[in-house]
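Chemist: need a structure here:
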Amino acid sequence: MNDGANDLGGFLRSRRERLTPRAAGIESGVTHRRVPGLRREELAELAGVSVGYYTRLEQGASGSASDAVIDALATALQLDRAEHEHLRTLATPRRQRRPRVYKSTLRPSVRELLAVIPTTPAIVIDHRTDVLAWNRLGHALLASHLDVHAPDARTRPNVARMLFLDPHHRALYRDWRAKAQVTVAALHQAVARYPADTKLEQLVGHLAVESADFARIWARRPVRTCSYYLRELDHPVVGRVTLANETVSLSDDDQQIGLFYARPGTSDADALTLLGQSLERDSFPAPPSEKENAR
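Modeler: Okay, the predicted model is just below:
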């Protein structure tokens, strides 16, 4: 599903087709247009570049553009901040690289952090949305149907794969479509940052084949960056619960910690307390030691 060298062109085309002449401030006496959104020549004029140059960008004949051109195109296309940054990433010249497998390693200090916040559901994912770790409450909230030690297995749980292919996980989200949009947007941005990551490419290809929903959303090229959401969940143990979802980036590792919490004194906070109490009644084996986790 990754367009390779023409990913820049594909993104430009998707945003050009999204922008109407009226929204762009173009007066047109034509009532019927053969193409959705702006024509190439209209966008080129708005951005102050030649039609030929813009066409080469969109067709993949030119895989890079200067910062000034990218800024002009972003302004003309009325991109938001996240889309502008994504466009800049796609336009950055890249050397030809051999396919690589990026290995995500969880720092012991991050594992310790999860352990000292037992009353806050927490999960750590990498750029592929592989689950590197979760605390017991995070596991109970998001994936209680999986083994609690699954992130330490050879094949880790993957948030995107669960969201689109695991009916248990999909049913958890009352706002599934919103969650799906954000997840696909994150994968689009990851593909732009890691164009030689073979496992990421395989994940996207697998999801596109196995899930029509994923393929449809992927084709729209959503881009969104946000660290805070409200999530409405239908949990099998505590029922309907609305939690704040705060995302903390570990920039040195290109990993994220997802935290879920509720305002104290609310029914949602009571639901989390009840979920924690249910864990105390269950018996889990001790987590693997750091030595056993060494890869």
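Chemist: nearest residue to the middle of this structure?
Modeler: residue 186 (1.9 Å; CA atoms, centre = their mean).
Chemist: quick check: residue 130 touching residue 102?
Modeler: No - between residue 130 and residue 102 there is no contact under CB atoms under 8 Å: 10.2 Å. For the C-beta atoms, the positions are set from N, CA and C on the backbone; glycine is no exception.
Chemist: compare those two (neighbour count), which wins?
Modeler: Applying other CB atoms under 10 Å to residue 130 and residue 102 shows that residue 130 carries more neighbours, namely 21 against 14.
Chemist: check contacts around the spatially closest residue to the more buried one that is not a sequence neighbour.
Modeler: Nearest residue to residue 130, sequence neighbours excluded (CB to CB, 6 or more residues apart in numbering): residue 156, at 4.7 Å. The contact partners of residue 156, by CB atoms under 8 Å, 6 or more residues apart in numbering, come to 130, 131, 132, 150.
Chemist: likewise residue 133?
Modeler: Here residue 133 is in contact with 106, 110, 111, 114, 123, 124, 151 (criterion: CB under 8 Å, 6+ apart).
Chemist: tally of neighbours for residue 77?
Modeler: Count around residue 77 with other CB under 10 Å applied: 23.
Chemist: so the closest residue to it other than its chain neighbours, which state does it fall into?
Modeler: Counting by CB to CB, 6+ apart, residue 77 lies nearest to residue 15, which is 4.6 Å off, once chain neighbours are set aside. For residue 15, the assignment made with DSSP: H, G, I helix; E, B strand; the rest coil gives helix.
Chemist: and the pLDDT at residue 15?
Modeler: Per-residue confidence (pLDDT) for residue 15: 90.
Chemist: that one contacts residue 83, correct?
Modeler: Yes - if you go by CB under 8 Å, residue 15 and residue 83 touch, sitting 7.0 Å apart.
Chemist: quick check: neighbours shared by those two?
Modeler: Contacts common to residue 15 and residue 83, judged by CB under 8 Å, 6+ apart, are residue 77.
Chemist: just for the chain, where's the confidence low?
Modeler: 1-6, 28-32, 63-64, 93-101, 226, 282-295 (pLDDT under 70).
Chemist: for it, which helix is longest?
Modeler: As assigned by DSSP state H, the longest helix anywhere in the chain is helix 176-193.
Chemist: tell me what that one is packed against?
Modeler: Packing partners of helix 176-193 (3 or more CB pairs under 8 Å, 6 or more residues apart in numbering; DSSP states H and E): helix 81-91, helix 159-165, helix 198-210, helix 212-219, strand 228-235.
Chemist: again, only this time at 10 Å
Modeler: For helix 176-193, the packing partners by 3 or more CB pairs under 10 Å, 6 or more residues apart in numbering; DSSP states H and E come out as helix 7-18, helix 81-91, helix 159-165, helix 167-172, helix 198-210, helix 212-219, strand 228-235, strand 239-250.
Chemist: of these, which approaches residue 119 most closely?
Modeler: strand 239-250 (12.8 Å; CB to CB).
Chemist: could you point out which element follows that closest one?
Modeler: strand 255-261 (DSSP states H and E).
Chemist: picking up where we left off before, common neighbours of residue 130 and residue 102, please.
Modeler: By CB atoms under 10 Å, 6 or more residues apart in numbering, residue 130 and residue 102 have these common neighbours: 199, 200.
Chemist: residue 204: what's it in contact with?
Modeler: Counting by CB under 10 Å, 6+ apart, the residues that residue 204 touches are 1-2, 128, 160, 184, 187-188, 190-191, 197, 214-215, 218.
Chemist: cool, residue 122 as well?
Modeler: 110, 113-115, 133-139, 141-142, 246, 248, 257-261.
Chemist: next, count neighbours for residue 162.
Modeler: 21.
Chemist: what's the closest non-adjacent residue to it?
Modeler: residue 169 (3.9 Å).
Chemist: wait, doesn't the one you found sit right on residue 180?
Modeler: No - Residue 169 is beyond contact range of residue 180, at 11.4 Å (criterion: CB atoms under 10 Å).
Chemist: shared neighbours of the two, anything?
Modeler: Joint contacts of residue 169 and residue 180 (CB under 10 Å, 6+ apart) are residue 163.
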